[in-house]
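Asker: need coordinates for the following:
(one chain, ligands or ions: 1)
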Amino acid sequence: MRKNIVAGNWKMNKNLQEGIALAKELNEALIADKPNCDVVICTPFIHLASVTPIVDSAIIGVGAENCADKVSGAYTGEVSAEMVASTGAQYVILGHSERRSYYGETVEILEEKVKLALANNLTPIFCIGEVLEERQAEKQNEVVAAQLASVFTLSAEDFGKIVLAYEPVWAIGTGLTATPEQAQDIHAYIRSLIAEKYGQEVADNCSILYGGSCKPSNAKELFAKPDVDGGLIGGAALKVSDFKGIIDAFK
Ligand code: PGA
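Answerer: You can find the predicted model right below:
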C-alpha cells in the first residue's frame, strides 16, 4: 500500500545551530502528538549527522537535498550518496527544479543520481514539474513524461522504492498553489504513465507528493485528492507550527 508522506525541504536555510533547534522542536511536537503519516525532513548536508541522532527515527525520517552523480573520487565539493547514507539519513531529494535550472541537472545526470541513491539504500524523492510557460502552453503532461525518463530505466523492483513529487515550478515559493483539481489531474496522469510502464500494482503503490506553496490552509484539500499522497514542503517546513499544520491535514 502506498504511504502518505509529508516531507520538508529546508533548501539553503538555517545554520547548524538553527537546524538542530528546528529538528528538536519538531521532534518534541510530533512525540507529543503523533502524526498520521510518514514525516521526513531534508536538510543541508552539513546538518545531517547532527540531526539524525536527535530525531526519533520511528517518527521522523531524515534526508539530503541532493547527492553526487559519481561514486567517489576527485570531485571537489561534491557529497556522495554513500556519504549521505553514512550519516544515518534515509532519503534524498533528487531532480528538484532548483537543481535542474540553476545547476544544469539533466535527465541523464539525474538517472545516475537515482541509481547511486538506491545502491546506497536511500529513498529518492524524485521531483518533476513544468514551468509557467509550459503550463500556459498546456504542455505539462509532456514535460513530466520526459522528466520521468530518469526513473523509467529502473527495474520495477527499484522503481517501487522511490517516491515522486510533482512540483509545478510556477507554484514553488510563489504563493501560487496548484488547485486541488490541477494537482489531481496531473498526479492521475503520472500514475497512468507508471501503470503503462510497470503495471497497475506498482502504480497504485507509488506515493506521489505535491509541492509548491503548500501550507496548513490548503494542505487538507490537496491531500484529500485520491492521487495526492502528501506534500513536499519548502517555506512552510521552516516553522514547526506551519509544518505540523500540514502534517495534521492527515488527521
Ligand atoms: P515551497 O517549496 O513550499 O516553498 O513552494 C516547495 C519545494 O520547492 O519543494
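
Asker: other SSEs contacting the helix or strand of the chain with the lowest mean pLDDT?
Answerer: For the chain, using mean pLDDT, DSSP states H and E, the weakest element among its helices and strands is helix 132-136, scoring a mean of 95. Using 3 or more Cβ pairs under 8 Å, 6 or more residues apart in numbering; DSSP states H and E as the contact criterion, the secondary-structure elements in contact with helix 132-136 are helix 140-147. Quick note: C-beta positions are derived from backbone N, CA and C, even for glycine.

Asker: hey, where'd the helices end up in the protein?
Answerer: Secondary structure of the chain, counting by DSSP state H: helices at 16-32, 45-51, 81-86, 97-102, 107-119, 132-136, 140-147, 156-159, 180-198, 200-205, 216-223, 240-247.

Asker: what's the local residue count around the residue of the chain found nearest the ligand?
Answerer: Using Cβ to the nearest ligand atom, Gly234 is the residue of the chain that sits closest to the ligand, at 2.3 Å. Counted with other Cβ atoms under 10 Å, the neighbours of Gly234 add up to 22.

Asker: can you check Ser192 too?
Answerer: As a measure of burial, Ser192 has 14 neighbours, counting by other Cβ under 10 Å.

Asker: excluding covalently adjacent residues, which one is nearest to it?
Answerer: Taking Cβ to Cβ, 6 or more residues apart in numbering as the measure, Ser192 lies nearest to Ala203, with 7.4 Å between them; neighbours along the chain are not counted.

Asker: contacting residues for that neighbour?
Answerer: Ala203 sits next to 191-192, 194-195 when contact means Cβ atoms under 8 Å, 6 or more residues apart in numbering.
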